[in-house]
Structure formats: C-alpha cells, structure tokens
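K.L.:
Task: produce atomic coordinates for the following.
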Amino acid sequence: MNVEVKIPLAERIRPVSLDEYVGQEHLVGKGSVLRNMIESGNLSSFILWGPPGVGKTTLANIISKQLDRNFFTLSAVSSGVKDVREVIAKAKDKNLFNPKTPILFIDEIHRFNKGQQDALLGAVEDGTIILIGATTENPSFEVISPLLSRCQVFVLKELGAKDLDTLLSRAMEKDSYLRNRKISLEEKDALFRYSGGDARKLLNVLEIVVTSIPEGEPVVITNELVKSRLQENMALYDKNGEQHYDIISAFIKSMRGSDPNAAVYWLARMIKGGEDPLFIARRMVILAAEDIGLANPNALLLAQSTFAAVQQIGMPEGRIPLSECAVYLATSPKSNSAYMAIDAALSLVEQQGDLSVPLHLRNAPTRLMKELGYHQGYKYAHDYEGNFTDLEFLPEEVSGSRLYNPAENKIEQEIRRRLKILWDKYKY
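P.N.:
Sure thing, here's the model as predicted:
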C-alpha cells in the first residue's frame, strides 16, 4: 500500500483556507458574521457547537493561519488545570514579541470541569488569549456562565448531501492516492447514509472501500459494495441447535396463525425437551407486541405477567401460566401495525439520516437557546379544544410521512377514525 495512505484521507485533504472549507455557509459564506470577523481581524473568543465531523477543528486551524496568530491546542480529554496554566504562561510570553493575541483552541471543551474552566476565565477576560472552544454538547449546560458570557456561540450544522458530494469530488481531485486509482462513483447513497453528515466518517468510509480493492484493479463504488465492506457478518445459528430453533419457530407461527391446539402441542414439545421456560415466555412477550399489538393491548400485559410468574414459581408449575398465555395469544385478534410502523420509521431514518429536531420542538431552558429560536412556535395541546392543535412534529424533510397504518380490527378502526379527523395531511 502507498505510504501516503498511512495518513488518514481526512487529514491528507484537510482544507487550509476558507475558500476550501465545505459547509457552514451561514457562518463562513460571503458576508456572514464569522467570516466578517475573520476578514476584519477583530477576533473575539467564541465556541463552535455542532455534531462530530462538521469542521470545528478545521475552522479553528484555518482562522489561526489566515490571521497569522500563534496557535495553541488542548484536548479536554487529556488536559488538566496544570496544562491550561502552562499554555496561558506560554501565550503571555508570545505576547511580548507579537502584538497579535494568540489563539487557544480547546477540543471537547464540554469535558472541562468547573476548575479547569475557571483557570481559563482570567486569560480570556484580560485578553491574554482568544479562546476557540469546540463542543458537541449544548454549551448552556456544559460551560460555566462567566466563561460563556465572554464567548459568542456559533452553531454548526451537519453536512447535507450537497456538501458531502463536494467533499467526495474534492477528495478524488486533491488526493494523489485516489487520483492514481481507477475509481468510478456509480452510487453515493450508501456513502452518504453511513457518514451521517460527518465529513470524517465519509472520507474514512471512502478510504476503507477503495483500499479494500487490490491495487491495479478498477474500483466501482456502488451501494452494495459499500454495505458489504462495512456491515458486520451476521452471527449464524449453531447447527447443533437446529431443532431448537425449528420448534420455537413452529410455536410462534402457530400462535400467529390463531391455532391454540398447535400452540400448546409445540409448547409441550419444548417443555418435554427441557427448553428454558423463560426463553419461551420471552418469545411470547415479543409475539404479543409484534403480532397482536393494538388489536388487543392486554395481550402484552398478560405475556409480561406470564414471564414474571414463571420466573417466580419455576417448573413444573410454570407450565400452567405458559399454557394459559399461549392459548390466549393464539385466540386473540391479530395486528402487526405497531411492528410495521417502527420498521417503516427505521427505514426512513436509514434513508434520510439524522435529521435535525425542528426548533419549535426543542426545550429552551437557557437564554442562549431562546435566542437561537428554541421552543418558538410550540403550541401546548392542552390549551386547545379537544386537547389538540395542528402542529408539525416531524422534520421538514419527511413531513407527511405516514408510518403507522391502523389494521382492520375493531380497536384500530376506532383509532383510524380519530386520526382521520385530526390529521388531514396523513390521509387516513
């Protein structure tokens, strides 16, 4: 393998200027607040708050280079009060020879305790350093008030598909190793999905996929190739336990198929064979939720009670509540609507990634969060007639997605009737 590849791709192509920086147009685009601060040279302390891999460290490095300032870094994971004081002392020495205030970048500043943050406060206050903090956590909760009041907070967003696409193109053009490989990007969806809006993850995944193909062979990147290189192998059942799984499968299918006679037969086979009764009870809890669900919510309660009863009384008496539950589940009306709803929701999440929570649904316990628009526009349902008001509860990108579809049973038909009255957009 090329020696250059020993350095991660994300490091090899890390941008060195604002023009190369990808994303965060609201902060570094032409005329934006942070860009104006950088270009004017009037830098003040600030905290970059955003998810991993969106360019917080990169941005701090670019700022120090562009403004030609001494740059010190600390990781809150491995640094203590002593390290903070040593860096501040070095910064004071540098100030004697350079009129430009040095920058101290602290990664994961939310991990600093109160004592460590207090050690920073004086140096920020008297201008010994310009502090740039990076955090994935809400600074309202993680940064002490005196320090937070002396720093602006800039919120970075996860990277969108357009940003990720730009990063891919730049990597292919800029990195000599990738340029020398015959790479064809036929599909990108899996790359984007696995990255989750994180530039570092995206480039790591790209590198894993490319380096998994032998040198000299063409690299045709498809969704299937990406999945095959990243997904862990599914654990296989022990072949010696084949009958064990066959019988529990027959038991579950008999209850799902509403045949109590077959259900108790397969239950007897398992009891006679020495199967763990709690394993049987666990599977009935799952079936009660998956296959009966909202058609008879009491089924889940009985299954849970059966599990507890068997756990308390043991065998052979435990066979009686097991039988009672098996017969009850087999003869109950069936619905898999809740099961289908969560699977549909998981599929949507996989397709769309981690979409941001709409601002009006977020709590705003601090002044900073209120200033950022958290909670604005939220309507408290109990203040309205019928304890309901039409409000958007999904991210804008998936608004109107109907994930729950009531089944054709008495209870869920009543649920459908009510949902149809409340939610026109879901077309019930």
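K.L.:
Can you tell me how far Trp266 is from Ser64?
P.N.:
In this view, Trp266 and Ser64 are 69 Å apart by C-beta to C-beta, to the nearest Å. Bear in mind the C-beta positions are built from the backbone N, C-alpha and C, glycine included.
K.L.:
Likewise for Leu329?
P.N.:
In this view, Leu329 and Ser64 are 65 Å apart by C-beta to C-beta.
K.L.:
Looking at those two, which one has more neighbours?
P.N.:
A side-by-side neighbour count of Leu329 and Ser64, using other C-beta atoms under 10 Å, places Leu329 first with 28 against 20.
K.L.:
I'd assumed Arg283 was in contact with that one.
P.N.:
No - Leu329 is beyond contact range of Arg283, at 10.3 Å (criterion: C-beta atoms under 8 Å).
K.L.:
In which helix or strand does Thr73 reside?
P.N.:
When secondary structure is defined using DSSP states H and E, the element that contains Thr73 is strand 71-75.
K.L.:
What lies in contact with that strand?
P.N.:
The contact list for strand 71-75 (C-beta atoms under 8 Å, 6 or more residues apart in numbering) reads 60-61, 64-65, 83-84, 87, 90-91, 102-108, 129.
K.L.:
Now, of those, which are buried?
P.N.:
Neighbour-count burial within the contacts of strand 71-75 applies to 60-61, 64, 84, 87, 91, 102-108, 129; the criterion is 16 or more other C-beta atoms under 10 Å.
K.L.:
Which member of these is positioned nearest Ala309?
P.N.:
Using C-beta to C-beta, Glu108 comes nearest to Ala309 of the buried ones among the contacts of strand 71-75, at 48.5 Å.
K.L.:
Could you report the distance from the closest one to Gly133?
P.N.:
In this structure, Glu108 lies at 9 Å from Gly133, with C-beta to C-beta as the measure.
K.L.:
Over to Leu329?
P.N.:
Following C-beta to C-beta, the distance that separates Leu329 from Gly133 is 55 Å.
K.L.:
cool, Ile313 as well?
P.N.:
58 Å.
K.L.:
How about Ser323?
P.N.:
The value you get for Ser323 to Gly133, if C-beta to C-beta is used, is 62 Å.
K.L.:
For these two, work out which one has more neighbours and name it.
P.N.:
Comparing Ser323 with Gly133 by neighbour count (other C-beta under 10 Å), the higher total belongs to Gly133, at 30 against 17.
K.L.:
Low-confidence ranges, the stretch 201-350 of the chain, go.
P.N.:
For the stretch 201-350 of the chain, residues meeting the criterion pLDDT under 70 lie at 231-245.
K.L.:
where exactly do the helices run in it?
P.N.:
If DSSP state H, counting those that start in this stretch is used as the criterion, the helices of the stretch 201-350 of the chain fall at 223-230, 242-256, 260-272, 277-287, 298-313, 319-331, 337-352.
K.L.:
Minimum distance to Gly400: which of these has it?
P.N.:
helix 337-352 (11.6 Å).
K.L.:
Nearest the geometric middle of this protein, what residue?
P.N.:
Asp354 (5.5 Å; C-alpha atoms, centre = their mean).
K.L.:
in what helix or strand does that residue lie?
P.N.:
With DSSP H and E as criterion, Asp354 is part of no helix or strand.
K.L.:
From what I see, it and Asp198 are in contact.
P.N.:
No - the pair Asp354 / Asp198 is not scored as a contact, 9.5 Å apart, by C-beta under 8 Å.
K.L.:
Asn409 - how many residues pack around it?
P.N.:
By other C-beta under 10 Å, neighbour count at Asn409 equals 19.
K.L.:
what sits against the nearest residue to it once chain neighbours are set aside?
P.N.:
The spatial neighbour of Asn409 that comes closest, neighbours along the chain excluded (C-beta to C-beta, 6 or more residues apart in numbering), is Ala295 at 4.2 Å. By C-beta under 8 Å, 6+ apart, the contact set of Ala295 is Ser332, Pro333, Lys334, Ser335, Ala407, Asn409, Lys410, Ile411, Glu412.
K.L.:
repeat that for 6 Å
P.N.:
Contacts were defined as C-beta atoms under 6 Å, 6 or more residues apart in numbering; by that measure Ala295 touches Pro333, Lys334, Ser335, Asn409, Ile411.
K.L.:
for the residue nearest to Ile213 when sequence neighbours are not counted, which residues make a bridge with it?
P.N.:
Nearest non-adjacent residue to Ile213, counting by C-beta to C-beta, 6+ apart: Val219, 4.7 Å away. Under DSSP bridges, the beta-bridge partners of Val219 are Ile183.
K.L.:
Test my guess that Val219 contacts Val210.
P.N.:
Yes - the pair formed by Val219 and Val210 meets the contact definition of C-beta atoms under 6 Å, at 5.3 Å.
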